[in-house]
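> coords below, sequence missing:
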């Protein structure tokens, strides 16, 4: 028996390759399926099953494409309804894979079709659970995402999750391995561990949501408190996962179409396409196309695209580092953005050589910033929790995820300063502000990490939302 976690850091997502006696099951695959197929071919094995723990909201799964290419059956738990051929399993139904067995445990609560897959090894011993978004290491799945589809409140979903955890998962032996769907950084939970594999016994001892003395009322209060609004692209990804989608190879072929600077400019000026610049923040600051939005590949690229652009059908024009075009299109497709119209051939160098208009983002290093910080307007685009932990005394928190809500608070004429933790998010914010016609700001290079090394006075501050 072979179990391999295939972890994608950008999405904080774990997919799983399970092999026994020449047969393979894939759990929650990403949209680009060739790595799974190549792995099976290398091992001389055949993909038999594709198990989906639930309808994912934060990424588009590869289940439909993988089934079409391999003939493998797609398996969902009870309550799932799809527009494609799938096995909707019964609670407790078992599937034989080589010399092992995978059993469906219906564990609703995060969503109503959510299921955990219990693996029995060759000795018929309970070996591992693949929990999807039902149980994470250090946390459980948020119960507010399926309110509309289920017709239930988040409180009712939380009650359902409480029962699922205690009746289906906490009854299993402490020695069972836990393979979750996500780790720290995912928007599908609040307090996830950076670890991506653990023991169920450890979770029973340390996970706040699995306390043996916790009442249902306490559980509901804890898991529904402090939830940030889900990214706007989540329901659109759920829809794609239910209804199907285009093969990623078609998306890549269309998206990587090269456009000359003149062609690129013509489309940008005569369509509703958004120019997305995925280079580094320093490259964007030094030179970029007017009205382009920066979201770099070197950060949490796909989730930020989903959160800030939102509409997966938004046409995009791409400015990418040479050789990174296909990577960018692939990562966009993971969160459902399939409408890239083309990439700038030759990148920014070609744009500049064609004498096209460019803009810059003015920046300042932390040391020079320390000389003016006390008497300046400062806007911190980190998350509320980061701001609550430590901040510059006279800074105002305008989180990037909700930046558009704060546009009226930025000075119209007076120069102000932007910073985040390290420079990535503040450059995204800078690009959004410039696109909205706000140019009277200076970006603090290196963000709060660099600021902390200066003489600037910082303080802890607990904002009301952090206390909820």
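Thanks, I have it. Bear in mind the structure is a predicted one, so any value in this text is a computation, not a measurement.

> quick one: buried residues of stretch 292-302?
The neighbour-count check on stretch 292-302 (16 or more other Cβ atoms under 10 Å) flags 292, 293, 294, 295, 296, 297, 299, 300, 301, 302 as buried. C-betas here are computed from N, CA, C, even on glycine.

> My guess is the first one contacts residue 279. True?
In this case it means residue 292. No: Residue 292 is beyond contact range of residue 279, at 10.2 Å (criterion: Cβ atoms under 8 Å).

> Reformat the buried residues of stretch 292-302 as a markdown table; add distance to residue 267 and pLDDT.
Formatted as a markdown table, these follow (distance: Cβ to Cβ, whole Å; pLDDT from 0 to 100):
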| residue | distance to residue 267 | pLDDT |
| --- | --- | --- |
| 292 | 13 | 98 |
| 293 | 16 | 98 |
| 294 | 19 | 98 |
| 295 | 19 | 98 |
| 296 | 22 | 98 |
| 297 | 22 | 97 |
| 299 | 26 | 91 |
| 300 | 28 | 91 |
| 301 | 22 | 95 |
| 302 | 23 | 93 |
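
> what residues do residue 292 and residue 279 have in common as contacts?
residue 319 (Cβ atoms under 8 Å, 6 or more residues apart in numbering).

> quick one: which of the buried residues of stretch 292-302 sit in strands?
293, 294 (DSSP state E).

> Return the member of the buried residues of stretch 292-302 nearest to residue 314.
Distance to residue 314 across those (Cβ to Cβ) is lowest for residue 293, with 10.6 Å.

> shouldn't that closest one be in contact with residue 276?
Yes: counting by Cβ under 8 Å, residue 293 does reach residue 276; the two are 5.7 Å apart.

> Residues that sit against both of those two, list them.
When contacts are counted by Cβ under 8 Å, 6+ apart, the set common to residue 293 and residue 276 consists of residue 309.

> Break the protein down into its structural domains.
Domains of the chain are assigned by automatic domain parsing as 2-235, 246-353, 363-467.

> Comparing the ones you listed, which yields the minimum mean pLDDT?
In terms of average pLDDT, domain 363-467 trails the rest of those, at a mean of 92.

> tell me the contacts of residue 133?
53-54, 56, 110-111, 114, 141-142, 180-182, 188-189.

> And those, which is closest to residue 100?
Using Cβ to Cβ, residue 53 is the member of the contacts of residue 133 that sits closest to residue 100, with 18.0 Å.

> Leaving out chain neighbours, which residue sits closest to that closest one?
For residue 53, ignoring the flanking residues on the chain, the nearest one in space by Cβ to Cβ, 6 or more residues apart in numbering is residue 132 at 2.5 Å.

> Roughly how far does the one you found sit from residue 322?
Distance of residue 132 to residue 322, computed by Cβ to Cβ, to the nearest Å: 38 Å.

> For those two, work out which one has more neighbours and name it.
residue 132 (29 against 9; other Cβ atoms under 10 Å).

> Wait, that one touches residue 15, no?
No: applying Cβ under 8 Å as the test, residue 132 and residue 15 come out as separate, 10.9 Å apart.

> Which neighbours do those two have in common?
residue 28.

> End to end on stretch 214-231, go ahead and measure it.
Start-to-end span of stretch 214-231 (Cα to Cα, to the nearest Å) is 30 Å.

> so is the closest residue to residue 137 other than its chain neighbours in a helix, a strand, or just coil?
Excluding the flanking residues, the one nearest residue 137 by Cβ to Cβ, 6+ apart is residue 193, at 3.9 Å. Following DSSP: H, G, I helix; E, B strand; the rest coil, residue 193 is assigned to coil.

> That'll do, ta.
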